[in-house]
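Asks: kindly generate the corresponding structure for this input.
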Amino acid sequence: MGASGSCIRKPKELPSSDSTDPAKDRSFGTTGRTNMEEFKVQTAKHNNHAPMRPPSEQPKDRATKRLSSESNGMSEGGAGAATPVELTALEESFRRFAIHGDTRATGKEMHGKNWSKLCKDCGVIDGKTITLTDVDIVFTKVKNKSCRTITYDQFKEALGELARKRFKDKPAEEASEEVFKLIEGKSPVISGVTRAVASPTVSRLTDTTKFTGSHKERFDETGRGKGKAGRVEMVDTSGYVSGYKHAGSYEKKVQGKPHPPKPL
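Replies: Sure, this is the predicted structure:
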């Protein structure tokens, strides 16, 4: 065992943490500076955002954007880009009539009933050159066979058909412009008031001549309520027999005569 010292193995020396490779240091430093520069650029872009609009202008912007998107949608200008399209006066009127009477309508398509109402309310139907029958025929002509509605483009096509028939002495473009002017800026006309339907049941309950029992005593012959006299039994303290025709006549005679002088 004297030579046992030669059999003991020495542990391997691990690389010191302080020793670094100059090449690795250079690459790490370059990468660190690059990441820091990108971080500063992104932070500057985030801080330099556009100022917020006043609260009073935000609802207007949202309403304009909603109307633009609900009409013909958005015009795509690239990948993920969308630009709102401004509505014309004719398209606004089309949308107003398209959603009239239908809470589920989006304003992009119009039914035949609303199409006829538009032509009637806006004066397109004059009763001479254009009638309600002509309007229905044109609607059936321009719409798709499997659809019951027309789009905005088909709507303009239908107006062009009616314009050529109404303004025969003008070119097609001028005739269409004349019809467009009749519709631009218009809204559906709401006329008439809901009337109450006479019901025999209700009339019987409100006719005082048909009342019986205690209910009959609460009203006079004309149907006017008697008030307390119709609800409570009033005691007659006048001294006259009930039903006497000349009740109160004696008091009138006495009041008209002069009173005798009192004795001294």
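Asks: can you pull the contacts of residue 181?
Replies: Listed by C-beta atoms under 8 Å, 6 or more residues apart in numbering, residue 181 has no contact partners. (C-beta placed from N, C-alpha, C; glycine too.)
Asks: any idea which element it lies in?
Replies: Assessed by DSSP states H and E, residue 181 sits inside helix 172-183.
Asks: dump that helix to PDB, keeping only the CA atoms.
Replies: Taking C-alpha atoms only, helix 172-183 is exported to PDB below (Å, rounded to 0.1, in the frame of the first residue of the first chain):
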ATOM      1  CA  ALA A 172     -81.100  57.700 -70.100                       C
ATOM      2  CA  GLU A 173     -78.500  59.300 -67.700                       C
ATOM      3  CA  GLU A 174     -80.500  62.600 -67.300                       C
ATOM      4  CA  ALA A 175     -83.700  60.600 -66.700                       C
ATOM      5  CA  SER A 176     -82.000  58.500 -64.000                       C
ATOM      6  CA  GLU A 177     -80.700  61.600 -62.300                       C
ATOM      7  CA  GLU A 178     -84.200  63.100 -62.200                       C
ATOM      8  CA  VAL A 179     -85.600  60.000 -60.500                       C
ATOM      9  CA  PHE A 180     -82.600  59.900 -58.100                       C
ATOM     10  CA  LYS A 181     -83.400  63.500 -57.000                       C
ATOM     11  CA  LEU A 182     -86.900  62.400 -56.100                       C
ATOM     12  CA  ILE A 183     -85.600  59.800 -53.700                       C
END
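Asks: just the buried residues of it, please?
Replies: Within helix 172-183, the residues scored as buried using 16 or more other C-beta atoms under 10 Å are 175-176, 179-180, 182-183.
Asks: also stretch 94-101?
Replies: By neighbour count on 16+ other C-beta under 10 Å, the buried set for stretch 94-101 is 94-100.
Asks: and which of those is nearest residue 243?
Replies: Closest approach to residue 243 among the buried residues of stretch 94-101 (C-beta to C-beta): residue 100, at 66.7 Å.
Asks: can you get me a residue count around the spatially closest residue to that closest one that is not a sequence neighbour?
Replies: Counting by C-beta to C-beta, 6 or more residues apart in numbering, residue 100 lies nearest to residue 188, which is 4.4 Å off, once chain neighbours are set aside. Residues near residue 188, counting by other C-beta atoms under 10 Å, number 17.
Asks: and what of residue 115?
Replies: Each residue near residue 115 was counted by other C-beta under 10 Å, and the total is 24.
Asks: in a helix, it, correct?
Replies: Yes: counting by DSSP: H, G, I helix; E, B strand; the rest coil, residue 115 falls inside a helix.
Asks: just the pLDDT for it.
Replies: Per-residue confidence (pLDDT) for residue 115: 95.
Asks: got it, and the one 10 residues further on?
Replies: As predicted, residue 125 sits at a pLDDT of 91.
Asks: gap between it and residue 182?
Replies: Distance, residue 125 to residue 182, by C-beta to C-beta, to the nearest Å: 10 Å.
Asks: over to residue 152?
Replies: In terms of C-beta to C-beta, residue 152 sits 17 Å off from residue 182.
Asks: what's the answer for residue 113, then?
Replies: Per C-beta to C-beta, residue 113 is found 19 Å from residue 182.
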